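Asks: I would like to see how this sequence folds:
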Amino acid sequence: MKGKKRKGAGTSLVAIQRHVAVTLATWDAVCEEYLHPKWAEQRMRLHGAQEMLEEEAASVSQQEWGTRKQLVVYFGNAGIGTRGGWGAKAVL
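Replies: Now for the predicted structure:
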């Protein structure tokens, strides 16, 4: 290991400063794009798909066990497509 610098587990101050600089430089453009109506519509479609999944699970629970059991759902990288797709590559 002679001559090689060992990197620490933490993030360097320079990397953090670069990240902050880029964030500040692009903040207005990112906010403008986020508020664009097409993204609001997409968020509403995703919300509707989540509600439909929750209702379907509650219905199955009612049929199987005679009670609508509580359902906890985590939506991360996996997606639910409005065209019937499931998984990380679902089309919204």
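Asks: buried residues in the helix or strand that contains residue 28?
Replies: Taking DSSP states H and E as the criterion, residue 28 maps to helix 13-34. By 16 or more other Cβ atoms under 10 Å, helix 13-34 has no buried positions at all. Quick note: C-beta positions are derived from backbone N, CA and C, even for glycine.
Asks: any idea how far residue 16 is from residue 43?
Replies: To residue 16, residue 43 is 30 Å away according to Cβ to Cβ, to the nearest Å.
Asks: typed the wrong thing, it's residue 37
Replies: In terms of Cβ to Cβ, residue 37 sits 34 Å off from residue 16.
Asks: picking that back up, okay, the helix holding residue 28 in PDB with CA atoms only?
Replies: What follows is helix 13-34, C-alpha atoms only, in PDB (Å, rounded to 0.1, in the frame of the first residue of the first chain):
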ATOM      1  CA  LEU A  13     -15.800  18.400   2.000                       C
ATOM      2  CA  VAL A  14     -14.900  19.100  -1.600                       C
ATOM      3  CA  ALA A  15     -17.600  16.600  -2.800                       C
ATOM      4  CA  ILE A  16     -20.200  18.100  -0.500                       C
ATOM      5  CA  GLN A  17     -19.300  21.700  -1.700                       C
ATOM      6  CA  ARG A  18     -19.700  20.500  -5.300                       C
ATOM      7  CA  HIS A  19     -23.000  19.000  -4.600                       C
ATOM      8  CA  VAL A  20     -24.300  22.100  -2.900                       C
ATOM      9  CA  ALA A  21     -23.000  24.300  -5.800                       C
ATOM     10  CA  VAL A  22     -24.800  22.100  -8.400                       C
ATOM     11  CA  THR A  23     -28.000  22.000  -6.300                       C
ATOM     12  CA  LEU A  24     -28.100  25.800  -5.900                       C
ATOM     13  CA  ALA A  25     -27.300  26.300  -9.600                       C
ATOM     14  CA  THR A  26     -30.100  24.000 -10.800                       C
ATOM     15  CA  TRP A  27     -32.700  24.600  -8.000                       C
ATOM     16  CA  ASP A  28     -35.000  26.900 -10.000                       C
ATOM     17  CA  ALA A  29     -35.000  24.700 -13.100                       C
ATOM     18  CA  VAL A  30     -35.700  21.500 -11.100                       C
ATOM     19  CA  CYS A  31     -38.600  23.200  -9.200                       C
ATOM     20  CA  GLU A  32     -40.100  24.500 -12.400                       C
ATOM     21  CA  GLU A  33     -40.000  21.000 -14.000                       C
ATOM     22  CA  TYR A  34     -41.300  19.300 -10.800                       C
END
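Asks: Thank you kindly, that will do.
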